[in-house]
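J.: fold the stuff below for me.
(3 chains)
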Amino acid sequence: MADSYRNKSNSKLKQFFAGDLWYDFYHSPVALLSFSISLICLLLALTAQLIAPFDIFDLAAIDLMDADLPPPWAGEEGDSRFFLGTDDQGRDIWSGILYGAQISIFVGFTSVIISAIIGIALGLLAGYKGGRIDSFIMRVADIQLSFPAILIALLIDGVMRGLLPREMHDELAVYVLIFAISISGWVQYARTIRGSVMVEKNKEYVQAGQVIGLPSHIIALRHILPNVLNPIFVIGTIHLASAIITEATLSYLGVGMSPTTPSLGTLIRIGNEYLLSGEWWITLFPGAALVILVLSVNIFGDWLRDALNPKLR
Amino acid sequence: MTLLEAKNISIGFPSRHGMFVAVKDVSFNVQPGEILGVVGESGAGKSTVGNAIIALLEPPGEVIGGEVWFKGKRIDNLPEEEKRSMRGRHIGMIFQDPQTSLDPLKTIKQQLVETIDVHLRLGRKGSEQRAIELLEKVGIPDPELRINHYPHQFSGGMRQRVVIALALCGEPELIIADEPTTALDVSVQKQILDLMRKLCIETNVGMILVTHDMGVIAEVTDRVAVMYNSKLMEIGPTSQILSNPQHEYTKSLISAIPRPDKRIDRFPLVSYIEQVIEPEQAFNIKDHWLGQAREYTMPVADDGTILQVKDLCMRFQISNSLFKSKRRYLDAVKGVNFSIKEGETFGIVGESGSGKSTIARMVTGLYTPHSGSVNFLGKEISAINHTPEVLAYRRQMQMVFQDPFSSLNSRMRVMSIVAEPIMFHKLAQSSEEAEQIVLDLLKLVGMSDDAYAKYPHQFSGGQRQRISIARALATRPRFLICDEPTSALDVSVQAQILNLLKDLQQELNLSMLFISHDLPVIRQMCDRVAVMQFGEILEQAETEQLFQNPQHQYTQHLLSLMPKLNMLPGRGLS
Amino acid sequence: MFSFLINRLLQSIVVLIAVALIAFSLFKFVGDPINNMVGQDTTLQEREELRERLGLNDPFHLQFYHFIKNAAVGDFGISYRHKVPVSDLIAERAPATLELSIISVLLSVFIGIPMGVYTAIHRRGFISRSFMSLSLVGISLPTFLIGILFIFLFGVILRWLPTFGRGEVVSIGWWTTGLLTWSGIKSLILPSITLALFQMTLIMRLVRTEMLEVLCTDYIKFARARGLSEQAINFGHALKNTLIPVITIIGLQLGLVMAFAIITETVFQWPGMGMLFIQSIEEVDVPVMAAYLMMISLIFVSINLLVDILYAYIDPRLTIDGGSKHG
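T.: The predicted structure is shown next:
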């Protein structure tokens, strides 16, 4: 008789597919399309090593004779091997985009996860404990919020440049980026979680737990946390988009990924110099890839927010 | 001439599961100067009727059948712009919560004058004059001064008067009042009802009063329409419906109302209500886990006292300041004394803000008292500080909460919710045994067999309250605190829960602290009762003695506000 | 009310001190200032003397005190790279950044708020839906990419507008302005729109969300039930209540414009403080970094204080005590 009770995961999944969220998703072309495009971008980027026609890190495979070739369908000089053209060093743009997207997505996802973990932990602590811990965490969050992610990331990058020798900096660039972006992103999670925790904390099921005698860490983790996680998915999705943008911006500004291990932002930076001389493909294709990626994630996040907000239905 | 006539109206809300019909085929009329009550339990569709008449249905709701006639003119098919010009001018509306009905950023003068301007075009001076007259009419003292105030500067009852004044701005002939007194305390409720009654008589305005409260219906309405499950059950003069209900539903509804005039043993439950599940005696409780092994390491005192509260005080800081002298405090509980004997139900009654819930939370240890003592089974609660003792004490004292929708964690299954205290206090040898105990407990509180695998949101309010009671019993407590356990429930469900609590108390010999604002409920449930106001106990007595011979002036006042309901059937028998 | 403002003022000061501490730590821990000031052939002893003279051997709190004292009068020392006082550098660059930021702020507020109100009122209309979709594109396009596209479109293909620099500027005292010459104004168009676009979409979406919340409240329903016109409800009641939360967040956003100017300035080679900052980071020019940081936070804190005062002015619940609940 207790079998069906134990068989949790199966029926949770069933519940999800029977629920309103899945129904809305399945019947919304916008949600389906944006989610599929995000997924395709993700898969393409993850499998770059397998599907990219050229290995852009392999210096032996690059021939300077191939430099600055336009796409074959847009100019006579094009080479059919490079269907989106090549950059100033003769690297295939399409392969560059695949590898670049991989780095962008890696930085984005990692930063989002780190921000979320820090933010959820601090938000839960602040909201549940209240008092001085709360004031302190929220004051730090306020100060942090006074500085946009870009500025904080630039500053951290500047400090790292001062502390680390040049070569090491290039090697560690990706970690510096992740560190900078996640440090500037936790506030949103913390604020949201704290707000929800303060609401949940006064609900009677929490008092019931206290009356039973449950210690506060069990109440906070087992009872409150599952009830406040919903908005995190929305924030996380939108944050993913903005983390990718931040990474691209930093790389564009020249303080992110180096040209030897380019992300999408670095590719755009490289091409920017040639834009005025008419070699538009070096910039515009990576730019378009970035926009497609970010836009589909943003649209999905926007849909998710509306779908989870009962008031706006 | 008939003021309003609703002919066979049906209202639907389209959704992906098809059309949800909230109101089915309802007909009634309202005469000038008359108050028609529309009564029903939650989900009956009573508010939807009111919203449909004033054409303010929440989207995507729509009238899907029937006609509404106002003074001989059909109004449900008018274009939107004409419907708007009807609102306020011919049909006004009063909402439930005066705290949120007024724009917080405008003075009430601005809001009144603006509304008068739209409908009467009296010019600036005229509008202001009219606004002051209206405030005077609804009983606001110093209207010339008060008119310049913002809503947050008024108390709840005064705000509801302002809301009524605003509804009267366009001199409407019909007012729809949707639960106008539900958010107010009893003493204020009475004043507002008297005001509405007076306005209807003086100005010949017709009123539709939507409420769940039979007391309000008995107090002011001329006729009453009883709704259940989207349908109109019966309609007729109030005295006739209350004293001699015809429909089975009305009969069961009226039987469930706690009687203010006498104590009865149990509520007679008329079975029309579908949810009624009378728990059968599933097992002999004396032989069961619940009845056994109540190894009382802490014996009750010789005189049978289980809980003793002395000089209990609680103070909250309401505004912070760097300077100590500038901080403001609220003394929520001031020097309260009482004691409870084993097997007794002790009631605390008072209006909101009287401090009664704060006491409950201090007794359970959710709040630490500012001063005074709580002595449970001979131990000072404040002196218990090492874990095993705290847990032993927690285990013996449990609580049933007010709001069945927030008192259960919506992310946990019923099984986990009820099993958690058993596992935590290690009251079962194995998880299989714990699960068996949970199943028995659920049976005991009258839940069906398959309840354990579901989530709380799959149950109604009453069923959730049963689960909540099962959880409270899961630690085998001796002392149960019930903080307004039924005030969020419909009256028919309330009767079932109160019966359940009475049965459990007898079977398990529980001692109870029962907190409520509702005097009739207190009379049905408690052996002794304390009356509280502003954090102090004014009077403490045996329940019957208090109801028959109240000593304190405030108790007498509260009793006088109690709805008389003297038309209820069977009164002559007592 | 008074204590509310005092409270905010104290908070602002704490923020400034915290930022000063960060800026000072830059000096302390990033790079050796002596190395940056002297040549290769300076002896160890000379270095030590210089160190002593500059107070670099003083205890931490004393050095910090000197740093704050100097910062308060705008003295951040001498740029490692440009070898001129940082204050001069900032003063030279500030007008360019301020002009760009202010114009963008005006654009984003005066276009963003009406668009937000419109999309909230006509929630299901075609134009609103298009605005909303466009705004998603707006927040998905990184600022620098917008800038690049503008340059490509208006500078390279159409050749209508200049794509870098401020054009001709006119000096008024120490201030230089591009607003008084035709080429200055033309140069401002692309950068200011680029900078404004992101803020505009943010403000529009924010106003829309807040307004939708307000439109769901009981007092709006009650206003409808009294027969007030949609006009009076939307603009008389809903808008004012919407603006209260919006003002705070807009205030916050405006502070951020200064920071986003870094990107725009880089794309359009705009000779402002942002470009200066980027260069200082690439070259680890600590005094410039510190000065920029302090400058930005000062502006930010001032804006927020102004917002708080405005807030208190609009919301009667803050200024008028609710204590007179007689009756």
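
J.: around chain B, which positions in chain C sit nearby?
T.: C:3, C:217-219, C:221-230, C:232, C:236-237, C:240-241, C:244, C:314-317, C:320, C:322, C:324-327 (CB under 8 Å from any CB of the partner chain). Where you see a C-beta, it was placed from the backbone N, CA and C, and this is true even at glycine.

J.: of these, buried ones?
T.: C:217-219, C:221-228, C:232, C:236-237, C:240-241, C:244, C:315-316 (16 or more other CB atoms under 10 Å in any protein chain shown).

J.: restrict the residues you listed to those near chain A?
T.: Answer for these near chain A: none qualify (CB under 8 Å from any CB).

J.: from the residues you listed, which land in strands?
T.: Per DSSP state E, strands hold no members of these.

J.: number of residues surrounding residue B:236?
T.: 16 (other CB atoms under 10 Å in any protein chain shown).

J.: what residues are bridge-paired with it?
T.: residue B:224 (DSSP bridges).

J.: which sections of chain C are below the confidence cut-off?
T.: C:1-2, C:31-40, C:54-56, C:319-327 (pLDDT under 70).

J.: does any bit of the strand or helix carrying residue B:8 sit next to chain C?
T.: Using DSSP states H and E, residue B:8 maps to strand B:4-15. No. Using CB under 8 Å from any CB, strand B:4-15 stays clear of chain C, with a minimum separation of 15.3 Å.

J.: next SSE after that strand?
T.: strand B:18-30.

J.: next one: that following strand to chain centre, how far?
T.: Distance of strand B:18-30 from the chain centroid (CA atoms, centre = their mean, to the nearest Å) equals 26 Å.

J.: so what's residue B:193 closest to, chain neighbours aside?
T.: Using CB to CB, 6 or more residues apart in numbering or on different chains and skipping residues adjacent in sequence, the residue nearest residue B:193 is residue B:220, 5.0 Å away.

J.: list the contacts for the one you found?
T.: Contact analysis of residue B:220 by CB atoms under 8 Å, 6 or more residues apart in numbering or on different chains lists B:35, B:37, B:193, B:196-197, B:209.

J.: just among these, which is most surrounded?
T.: residue B:209 leads those on contacts (other CB under 10 Å) with 30 neighbours.

J.: identify the residues contacting it.
T.: B:35-38, B:177, B:180, B:196, B:216-217, B:220-221.

J.: same list (these) but as a markdown table, adding secondary structure.
T.: Listed next are the contacts of residue B:209 as a markdown table, based on DSSP: H, G, I helix; E, B strand; the rest coil:
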| residue | secondary structure |
| --- | --- |
| B:35 | strand |
| B:36 | strand |
| B:37 | strand |
| B:38 | strand |
| B:177 | strand |
| B:180 | coil |
| B:196 | helix |
| B:216 | helix |
| B:217 | helix |
| B:220 | helix |
| B:221 | coil |
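
J.: ok, the residues you listed vs residue C:266, which is closest?
T.: Lowest distance from residue C:266 to the contacts of residue B:209 (CB to CB) belongs to residue B:180, with 62.3 Å.

J.: quick check: phi and psi at that closest one.
T.: phi -70, psi -20 (degrees, to the nearest 10).

J.: are we agreed that residue B:541 is in a strand?
T.: Yes. Secondary structure of residue B:541 (three-state DSSP): part of a strand.

J.: so the most centrally placed residue in chain A is in which element?
T.: Centroid-nearest residue in chain A, with CA atoms, centre = their mean: residue A:240, separated by 2.6 Å. Residue A:240 belongs to helix A:230-253 when assigned by DSSP H and E.

J.: and residue B:41, what does it touch?
T.: Contacts for residue B:41 (CB under 8 Å, 6+ apart) come out as B:212, B:228, B:253, B:490-493.

J.: quick one: name the residues of the stretch 401-550 of chain B near chain A.
T.: Going by CB under 8 Å from any CB, the residues of the stretch 401-550 of chain B near chain A are B:401-403, B:406-413, B:415, B:420-421, B:424-425, B:432, B:435, B:439, B:452-453, B:468, B:471, B:475.

J.: in chain B, which segments are predicted with low confidence?
T.: Using pLDDT under 70, chain B drops low at B:269-299, B:301, B:319-326, B:565-574.

J.: give the residue farthest from the middle of it.
T.: residue B:123 (43.5 Å).

J.: if I look at it, how far off is chain C?
T.: 18 Å (CB to the nearest CB, to the nearest Å).

J.: please apply the same query to residue A:207.
T.: Distance from residue A:207 to chain C, by CB to the nearest CB: 28 Å.

J.: contacting residues for that residue?
T.: B:361, B:366, B:399, B:401, B:407.

J.: count of residues packed around the residue lying closest to residue C:276 once chain neighbours are set aside?
T.: Spatial nearest neighbour of residue C:276, excluding adjacent residues (CB to CB, 6+ apart): residue C:93 at 5.2 Å. Neighbour count for residue C:93, taken as other CB under 10 Å: 22.

J.: likewise the one 4 residues further on?
T.: Burial measure for residue C:97: 26 neighbouring residues, criterion other CB under 10 Å.

J.: report the buried residues of the strand or helix carrying it.
T.: Secondary structure from DSSP H and E places residue C:97 in helix C:86-121. Using 16+ other CB under 10 Å as the test for burial, helix C:86-121 gives C:86-87, C:89-90, C:92-101, C:103-105, C:107-109, C:111-113, C:115-121.

J.: how close does the closest residue to chain C within the stretch 1-150 of chain B get to residue B:173?
T.: Distances between the stretch 1-150 of chain B and chain C by CB to the nearest CB are smallest at residue B:88, namely 2.9 Å. Note on residue B:88: its distance to residue B:173, by CB to CB, to the nearest Å, is 11 Å.
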